[in-house]
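In: what's the 3D shape of this:
(chains A and B)
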Amino acid sequence: GAVVSQHPSWVICKSGTSVKIECRSLDFQATTMFWYRQFPKQSLMLMATSNEGSKATYEQGVEKDKFLINHASLTLSTLTVTSAHPEDSSFYICSARDYRGARGQETQYFGPGTRLLVL
Amino acid sequence: GENVEQHPSTLSVQEGDSAVIKCTYSDSASNYFPWYKQELGKGPQLIIDIRSNVGEKKDQRIAVTLNKTAKHFSLHITETQPEDSAVYFCAASYAGNQFYFGTGTSLTVIP
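Out: Okay, here's the model as predicted:
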């Protein structure tokens, strides 16, 4: 399989500050990355689709000004939680789409996640 | 859009027994069905996947079956071990695009 890393693995911040989370595909280029949010004992909720060199596509109900996504290179996407509040505390997971297989054989690999706690 | 349902939500089995998790999907255009294992505090790990041109795929103790007509697919784990304990998610997508996840199954393997 492929390797996707996230940094930091956990972060604690004060309410009102901004937090940046990095997602990197380590051994392949990913033109498309996805950002998910996961609450305890729940499934993954897609927040946005990040495309290299273009604006991210946000899911309904996700504030694009609150969750800024930048996909500046083929191996890096960042999620910035701006003016974080306690309700933003969650487990954030990215995934990267792997095109290296034959056409129609794409799949996604997930990062290890970032736990955010806003005090 | 796609809707994926997953059952059961929790599953306990004795070590050495088999475990089966089932998912149904609604969109007949979906053609890619991965299964992920998520351990506590970690990201999901791809354990097996199947595409719509095959009906079954096996990898050691893990197998997945797909019934396109009925729009359901299942994960089978044989000879379960305590380290198989985790949350398992199914997903459906078209060509690896947006994934629609099931709600997860918490599997506990009792030694």
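
In: my read: residue A:95 touches residue A:111, true?
Out: Yes. Contact criterion Cβ atoms under 8 Å: residue A:95 and residue A:111 qualify, at 6.9 Å. Every C-beta, even on glycine, is put in place using the N, C-alpha and C of the backbone.

In: mind checking the SS state of residue B:69?
Out: On the three-state scheme (DSSP: H, G, I helix; E, B strand; the rest coil), residue B:69 is labelled coil.

In: before we move on, back to that, got any residues that touch both of residue A:95 and residue A:111?
Out: Shared contacts of residue A:95 and residue A:111 (Cβ atoms under 8 Å, 6 or more residues apart in numbering or on different chains): residue A:4.

In: so where does the nearest residue to residue A:80 once chain neighbours are set aside fall, helix or strand?
Out: Counting by Cβ to Cβ, 6 or more residues apart in numbering or on different chains, residue A:80 lies nearest to residue A:68, which is 4.2 Å off, once chain neighbours are set aside. Using DSSP states H and E, the element containing residue A:68 is strand A:67-73.

In: With residue A:96 instead?
Out: strand A:90-98.

In: Name the strands paired with that strand and say parallel or antiparallel.
Out: Partner strands and pairing direction for strand A:90-98 (DSSP bridges) are strand A:32-38 (antiparallel), strand A:107-110 (antiparallel), strand A:114-118 (antiparallel).

In: hmm, who's touching the shortest one?
Out: When you say that, I think you mean strand A:107-110. Counting by Cβ under 8 Å, 6+ apart, A:1-4, A:25, A:34, A:93-98, A:101, B:32, B:34, B:36, B:43-46, B:49, B:96, B:99 sit against strand A:107-110.

In: Buried members of those into ChimeraX, please.
Out: In ChimeraX, a selection of the buried entries from these looks like this (16 or more other Cβ atoms under 10 Å in any protein chain shown):
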select /A:2,4,25,34,93,94,95,96,97,98 /B:32,34,36,43,44,46,49,96,99
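
In: For residue B:60, the count of nearby residues, please.
Out: A count of nearby residues for residue B:60, using other Cβ atoms under 10 Å in any protein chain shown, gives 9.

In: same deal with residue B:91?
Out: By other Cβ under 10 Å, the residues close to residue B:91 number 26.

In: That one pairs with what?
Out: Residue B:91 forms beta bridges with residue B:101, as assigned by DSSP bridges.

In: swap in residue A:92?
Out: The partner residues for residue A:92, given DSSP bridges, come to residue A:37, residue A:114.

In: what does chain B put close to chain A?
Out: B:31-32, B:34, B:36, B:41-46, B:49, B:51, B:89, B:95-99, B:101-104, B:106 (Cβ under 8 Å from any Cβ of the partner chain).

In: hmm, back to that, tell me the helix or strand right after the strand holding residue A:68.
Out: Strand A:67-73 is succeeded, C-terminally, by strand A:76-81 (DSSP H and E).
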